[in-house]
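**Q** predicted coordinates and the sequence they were generated for:
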Amino acid sequence: MPQNVPAREAFDRLVAGNRRYMQNVRSVDSMLSHSRRDLDPQRPFAIVLGCSDSRAPAEVVFDQGLGDLFVIRVAGNIVAPSQVGSVEFAAERFGTRLVIVMGHSSCGAIDAALEAVERDEGRSRNLMSIVDRVRSSIESLVATDLADDPVRLRKEAVRANVRASVSHLRHSSEVIERLIVSDGLLVVGAELDLATGEVGFFDGVPE
């Protein structure tokens, strides 16, 4: 198994890349990478499980180039068996030692899940397979005083959903658990603020 960039170094690269993104600056390396299409084998230094929202592309948000990130995108950044398997694949095949689960502000999947908690509406079975996974992580919030503050409720729901996905990855896979214990794999939760472009890290941040 190839050994890639250590988790802490990978994390620092993402933080620096996000800082460039917020400043509307792009690195020369990321721009030049698009002229290199013979990246065989690939060696992504981080895995990003993010939302499919068109405003939250990980490569852009972290100012990274072709071959730098192994990106898994699904509405609501949920963790289902296919997402777990994708993380396992990249971590084992490429030696990638950092996994970021990235939610974002104004997430439609979060809104749909909150609506489902408040009122049961007819939706397709396929859509409900996503909504139900998000719903399970945020349902308890609706029973608190957050229900009186929709803005705070939405923000806390985004973070609760990210934490649930992080926990699922850490504890539902023997492969990932082994790599965490023996090979320094980190699974970190994050939230992208669409208004500012800043990614805040809040779960499992390396010291």
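**A** Everything's here; your move. Since this is a predicted model, take the numbers as computed values, not measurements.
**Q** when you work out contacts or count neighbours from here on, use the C-alpha atoms and nothing else.
**A** Fine.
**Q** so how far is the helix or strand of the chain with the lowest mean pLDDT off the chain centroid?
**A** Least confident element among the helices and strands of the chain, by mean pLDDT, DSSP states H and E: helix 28-32 (a mean of 77). How far helix 28-32 lies from its chain's middle: 23 Å, per Cα atoms, centre = their mean, to the nearest Å.
**Q** buried stuff in that helix?
**A** Ser30 (16 or more other Cα atoms under 10 Å).
**Q** the very next helix or strand once past it - contacts with which helices or strands?
**A** Next along the chain after helix 28-32, taking DSSP states H and E as the criterion, comes strand 46-50. In terms of contacts (3 or more Cα pairs under 8 Å, 6 or more residues apart in numbering; DSSP states H and E), strand 46-50 is packed against strand 69-73, helix 81-94, strand 98-104.
**Q** circling back to that earlier point, need the contact partners of the least confident helix or strand of the chain.
**A** With contact meaning Cα atoms under 8 Å, 6 or more residues apart in numbering, helix 28-32 is reached by 63-66.
**Q** the same query, at a cut-off of 6 Å, please.
**A** 64-65 (Cα atoms under 6 Å, 6 or more residues apart in numbering).
**Q** export that helix to PDB, keeping only CA atoms.
**A** Taking Å, rounded to 0.1, in the frame of the first residue of the first chain, the C-alpha atoms of helix 28-32 are listed here in PDB:
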ATOM      1  CA  VAL A  28       0.100  28.200  -9.900                       C
ATOM      2  CA  ASP A  29       0.300  24.500  -9.100                       C
ATOM      3  CA  SER A  30      -3.500  24.000  -9.200                       C
ATOM      4  CA  MET A  31      -3.800  25.900 -12.500                       C
ATOM      5  CA  LEU A  32      -0.900  24.100 -14.100                       C
END
